[in-house]
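*Asks:* turn this into a model:
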Amino acid sequence: MTPTTEAAAAFARLVELVRVLRSPEGCPWDREQTLQTLRPFVLEETYEVLEALDHDDRRALREELGDFIFEGVLLAQLCTESGDFSVADSLHAISDKLVRRHPHVFGPNAAGAGADGRPLPTTPDEVVERWEDLKARETSSKGEQRTALGGVPKSLPALLRTHEIGIRASAVGFDWERASDVVAKIEEEVEELREWVGEGASGNGARAEEEMGDLLFAIANLSRKLGIEPESALRKANDKFSRRFSAMESRLRAAGRSLSECALQEMEDEWSRVKQAERAASSRPDPGSGSAR
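*Replies:* Coordinates of the predicted model:
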């Protein structure tokens, strides 16, 4: 059995298992699910895949990919039952799209890609440019008007959506010229927030929310200009804070102290010791200073 046929057999088994789970003789929990009730599970599995990638944990990735694929098959099964489309329809759609948008691999006339006389792409950048061009032609052929920001899902996590919006706007020339220009914008937004806080930070929550949103938008765009994916960067920062906080809590507990009975300065001191221990263990300098909460 080749890897392809083995994968096909395994996928067919999963499709059949999901069909049985949804059948009258199947699982009560699976039978009561709807497209909307599955949304949080799809999101959860997506982030568990990302966590496995962040930690380069191949064993976890193998399991989490299976869970993620299961959610996709379950969604397709619900749509099969409603008569909208089947899992096979989804698989044919993505396969046809991949063939159509890779004329440099499968030929200019494959799956309707069309021969437009343009040279086939040979570099990654040319491939991306050709992909977007083919995508625009497909949209036009459906009678739809494609806009620069069209197709950016509103359901994306906010930082990721900001990143994608920035990429789309930059592609048509609407962007800061340099990263330093974005830093200046961030400083401007911080100053506006500082003024609001100095006024007592009360009476206009809507203004505070707007100013904070502007600041976060600018920070996400600075990440883009620096070639950093902001969602990934923030996940790693959360992991670092959680790791250090747990270590601080463990050290205090070992000394017979609980967080609830510690003054802030005591926690700050222990936090600094945790950072020093991390620096010693990694043998690399920490660019931060102070408590760096």
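
*Asks:* what are the buried residues along the one helix or strand residue 12 maps to?
*Replies:* Counting by DSSP states H and E, the element that carries residue 12 is helix 3-22. For helix 3-22, burial by neighbour count (16 or more other Cβ atoms under 10 Å) applies to 14-15, 18, 21-22. C-beta here means a position set from N, CA and C on the backbone, and glycine is covered the same way.

*Asks:* before we move on, what about stretch 154-167?
*Replies:* The neighbour-count check on stretch 154-167 (16+ other Cβ under 10 Å) flags 159-166 as buried.

*Asks:* same question for stretch 249-257.
*Replies:* 249, 252.

*Asks:* contacts for the helix holding residue 12?
*Replies:* 1, 26-27, 30-31, 69-70, 73-74, 77-78, 81, 87 (Cβ atoms under 8 Å, 6 or more residues apart in numbering).

*Asks:* same question, stretch 187-199
*Replies:* Residues from elsewhere that reach stretch 187-199 (Cβ under 8 Å, 6+ apart): 204, 207-208, 211-212, 214-215, 218.

*Asks:* same question for it, mean pLDDT?
*Replies:* In this model, stretch 187-199 carries a mean pLDDT of 87.

*Asks:* most remote residue from the protein's center?
*Replies:* Taking Cα atoms, centre = their mean, the residue of the chain most remote from its mean C-alpha position is residue 256, at 40.6 Å.

*Asks:* quick one: secondary structure of it?
*Replies:* coil (DSSP: H, G, I helix; E, B strand; the rest coil).

*Asks:* then residue 236?
*Replies:* Under three-state DSSP, residue 236 comes out as helix.

*Asks:* measure residue 94 to residue 277 for me?
*Replies:* Distance, residue 94 to residue 277, by Cβ to Cβ, to the nearest Å: 48 Å.

*Asks:* which residues does the strand or helix carrying residue 30 contact?
*Replies:* Applying DSSP H and E as the criterion places residue 30 in helix 28-31. For helix 28-31, the external contacting residues (Cβ under 8 Å, 6+ apart) are 18, 21-24, 74.

*Asks:* now with 10 Å?
*Replies:* Contact partners of helix 28-31, identified using Cβ atoms under 10 Å, 6 or more residues apart in numbering, comprise 18, 20-25, 74, 77-78.

*Asks:* repeat that for stretch 72-91.
*Replies:* Contact with stretch 72-91 is made by 11-12, 14-15, 17-19, 21-23, 30, 33-35, 37-39, 41-42, 45, 92-93, as judged by Cβ under 10 Å, 6+ apart.

*Asks:* give me that answer again for 6 Å
*Replies:* Contact with stretch 72-91 is made by 14-15, 18, 22, 35, as judged by Cβ atoms under 6 Å, 6 or more residues apart in numbering.

*Asks:* so where's the protein shaky on pLDDT?
*Replies:* By pLDDT under 70, the low-scoring segments of the chain are 109-117, 200-204, 283-293.

*Asks:* again, only this time at 80
*Replies:* 108-119, 132, 135-146, 151, 198-205, 207, 283-293 (pLDDT under 80).

*Asks:* what's the domain layout of it?
*Replies:* Following automatic domain parsing, the chain resolves into domains at 3-85, 97-141, 158-228, 231-282.

*Asks:* any chance of the ones you listed in JSON lines, with distance to residue 150 too?
*Replies:* Formatted as JSON lines, the domains of the chain follow (distance: least, Cβ to Cβ, whole Å):
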{"stretch": "domain 3-85", "distance to residue 150": "22"}
{"stretch": "domain 97-141", "distance to residue 150": "8"}
{"stretch": "domain 158-228", "distance to residue 150": "9"}
{"stretch": "domain 231-282", "distance to residue 150": "21"}
